[in-house]
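Visitor: With the sequence up front, the predicted model follows.
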Amino acid sequence: MKKSNFVAMIMGTIGGLLFAVGMCMCLLPEWNAFNFGVVMGGIGAVILLATILVWRKMTGKKPIKLSGKTVGITSLGITGALLLGIGMCFTMVWSNMIIGILIGIVGIIMLLSLIPAIRGLR
């Protein structure tokens, strides 16, 4: 295993755990830790973003250039993930099954559309 992959794996694991526990703190009212959960989730998100920069630097790749396509694909991924999560919340937390399933399906379709958007169709 290359050192760059190992560092990315460790940073990704730490960032993912902090983000996930932070989101649990926000979504579980029994924990009474909403504000701390937002902070912990934000720290996890920052570590995950730093993981990308560190990995690209260690592998000698150029920094990501911001173009219209990059911003559009990123927006599509974020929107799809949020819609999938909102659909799950509607279904599991707010007990609104039909609307949750429909919103979740829209999120899944948006996430699946990332493949042709990034790789293209051949």
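Guide: That came in fine, so what should we check first? Numbers count the residues shown, from 1 in each chain.

Visitor: how close does the residue nearest to Leu111 when sequence neighbours are not counted sit to Met25?
Guide: Nearest-residue entry for Leu111: Gly80, 4.0 Å, with adjacent residues in sequence omitted and distances by C-beta to C-beta, 6 or more residues apart in numbering. (Each C-beta comes from the backbone N, C-alpha and C, glycine too.) Computed with C-beta to C-beta, to the nearest Å, the distance linking Gly80 and Met25 is 24 Å.

Visitor: Now for Ile14, which secondary structure element holds it?
Guide: Element membership for Ile14 (DSSP states H and E) is helix 3-27.

Visitor: Please state the mean pLDDT value computed over that helix.
Guide: On average, the pLDDT along helix 3-27 is 94.

Visitor: In it, which residues are buried?
Guide: 4, 8, 11, 15, 18-19, 22-23, 25-26 (16 or more other C-beta atoms under 10 Å).

Visitor: out of those residues, who's nearest Lys61?
Guide: Of all the buried residues of helix 3-27, the one with the least separation from Lys61 (C-beta to C-beta) is Ser4, at 9.8 Å.

Visitor: ok, and what's touching whatever helix or strand comes next after the helix holding Ile14?
Guide: Once the chain leaves helix 3-27, the next helix or strand it forms, by DSSP H and E, is helix 34-58. The contact list for helix 34-58, computed with C-beta atoms under 8 Å, 6 or more residues apart in numbering, reads 3-5, 7-8, 11-12, 14-27, 31, 62-64.

Visitor: rerun that using 10 Å as the cut-off
Guide: Residues from elsewhere that reach helix 34-58 (C-beta atoms under 10 Å, 6 or more residues apart in numbering): 2-28, 31, 33, 61-64.
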